[in-house]
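1. let me see the structure of the following:
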Amino acid sequence: MEFDEILRHFDLPGGLLGAAQLRRKEDGEPYRVWKLDCGGGTFILKEAKGCEAEVYRRLLPGLGGVPQLLQSAYAGGCSYLLMEFVDGSDLCRCDRTKLRLALDALISMQRQTWNSSGLSGFGYTFDASLKDRRHRSEYLNDAALEAAYARFLDAYAAVPRALCHDDLLPFNVLVSSGRAVLIDWEFAGILPYPVAFARLIAHGEEDDGALFYLAREDRDFAVGYYYDRLLRDMGVSPEDWRRTLELFLFYEYCEWVFIGNKYKGANEAYYRKYLALAKHQAEKLNTAQ
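-> Coordinates of the predicted model:
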């Protein structure tokens, strides 16, 4: 559906003054999200992907740390969302202040949804996520990785669940005016609690040229802060938290090994990087068993 046709389904406050299509942070390609300048303010219009429309309807109302949804429409076989524009900076160049705000937002929504069985059937469900993660194990092509991955799957099925953004990479967090807002909820649901946290910190590097910069001391801070502000109250022991986190970080590395093996990208730099990380993590996990 063309942009002008999509706009006909929305009552834009003050009328449209201008629009700009946004581009993905990782590759600069345009995607179906627009910044709208209107007489009544600035807004985001996006085509909802994956489970996003249902997540906004059923899982996010009443929670802080997410953009306010103003209007929605279904047209041409797609859902569209008109929402608050957050004029903030992401976590790709992370510092302690922004990291703490992001963690506070995540902790608040997970505290409110901890083991919420009544919400478990909405969005990206646990069963769907487990099926996808089991499928990825078929493409590791390495006995040591497969052994460690089996342990990850056991943990994935056993730990408590809470609302998780399943793609909480640093560019999906915006910090503005003393708050952090989590965006792009295409895959989210009541999932094993470390899912969002592990993805947020797993890919940070101390290289100034990295896509995601995260200092080692800030990463360590995040691990302790998340435990102290949430998991301690939920009865998770420090030892269980550390063991579980190592498994979920291992999964993050394996995801890119899976992509390389499945799509014949074994010669790509990202594959070599994450294969080395996954092998190192697997050795640590298998030795500790």
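2. hmm, who's touching the helix or strand hosting residue 240?
-> For residue 240, the host element (DSSP states H and E) is helix 238-262. Residues from elsewhere that reach helix 238-262 (C-beta atoms under 8 Å, 6 or more residues apart in numbering): 133, 136, 139-141, 145, 148-149, 151-152, 155-156, 159, 192, 194-195, 197-199, 201-203, 223, 227, 231, 265-266, 268, 270-271, 273-275, 277-278, 281-282, 284-285, 288. In short, each C-beta sits where N, CA and C put it, glycine included.
3. where do the strands sit along the stretch 101-250 of the chain?
-> For the stretch 101-250 of the chain, applying DSSP state E, counting those that start in this stretch gives strands covering 161-165, 173-176, 179-182, 188-192.
4. make a markdown table out of these and add distance to residue 96.
-> Below are the strands of the stretch 101-250 of the chain laid out as a markdown table (distance: least, C-beta to C-beta, whole Å):
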| stretch | distance to residue 96 |
| --- | --- |
| strand 161-165 | 21 |
| strand 173-176 | 12 |
| strand 179-182 | 13 |
| strand 188-192 | 26 |
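5. would you mark the buried spots in the helix holding residue 240?
-> 241, 244-261 (16 or more other C-beta atoms under 10 Å).
6. got phi/psi on the closest residue to residue 105 other than its chain neighbours?
-> Excluding its sequence neighbours, the residue lying closest to residue 105 (C-beta to C-beta, 6 or more residues apart in numbering) is residue 65, at 3.1 Å. For residue 65, the backbone dihedrals (degrees, to the nearest 10) come out as phi 80, psi 20.
7. mind listing what residue 65 touches?
-> With C-beta under 8 Å, 6+ apart, residue 65 has these contacts: 104-106, 108-109, 179-182.
8. hang on, the earlier thing: relative to residue 29, which of the strands of the stretch 101-250 of the chain is closest?
-> Closest to residue 29 of those is strand 173-176 (C-beta to C-beta; 19.7 Å).
9. for that closest one, packing partners?
-> helix 96-113, strand 179-182 (3 or more C-beta pairs under 8 Å, 6 or more residues apart in numbering; DSSP states H and E).
10. in PyMOL, select just the buried ones from the contacts of helix 238-262.
-> Command for PyMOL, covering only those of those found buried under the criterion 16+ other C-beta under 10 Å:
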select buried, resi 133+136+140+145+148+149+151+152+155+156+159+192+194+195+197+198+199+201+202+203+227+231+271+274+275+277+278+281+282+285
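11. how about the strands of the stretch 101-250 of the chain in JSON lines, adding distance to residue 116 and mean pLDDT?
-> Converted to JSON lines, those look like this (distance: least, C-beta to C-beta, whole Å; pLDDT from 0 to 100):
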{"stretch": "strand 161-165", "distance to residue 116": "7", "mean pLDDT": "98"}
{"stretch": "strand 173-176", "distance to residue 116": "22", "mean pLDDT": "96"}
{"stretch": "strand 179-182", "distance to residue 116": "17", "mean pLDDT": "97"}
{"stretch": "strand 188-192", "distance to residue 116": "6", "mean pLDDT": "98"}
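12. can you name the element that comes right after the helix holding residue 240?
-> Tracing the chain past helix 238-262, the next element assigned as helix or strand by DSSP H and E is helix 269-288.
13. which one is residue 50 nearest to, not counting chain neighbours?
-> Here the residue nearest residue 50, using C-beta to C-beta, 6+ apart, is residue 186, at 3.7 Å.
14. could I get the phi/psi values of the one you found?
-> Main-chain dihedrals, residue 186, degrees, to the nearest 10: phi -70, psi -40.
15. what about it, how many neighbours?
-> A count of neighbours around residue 186, defined by other C-beta atoms under 10 Å, yields 18.
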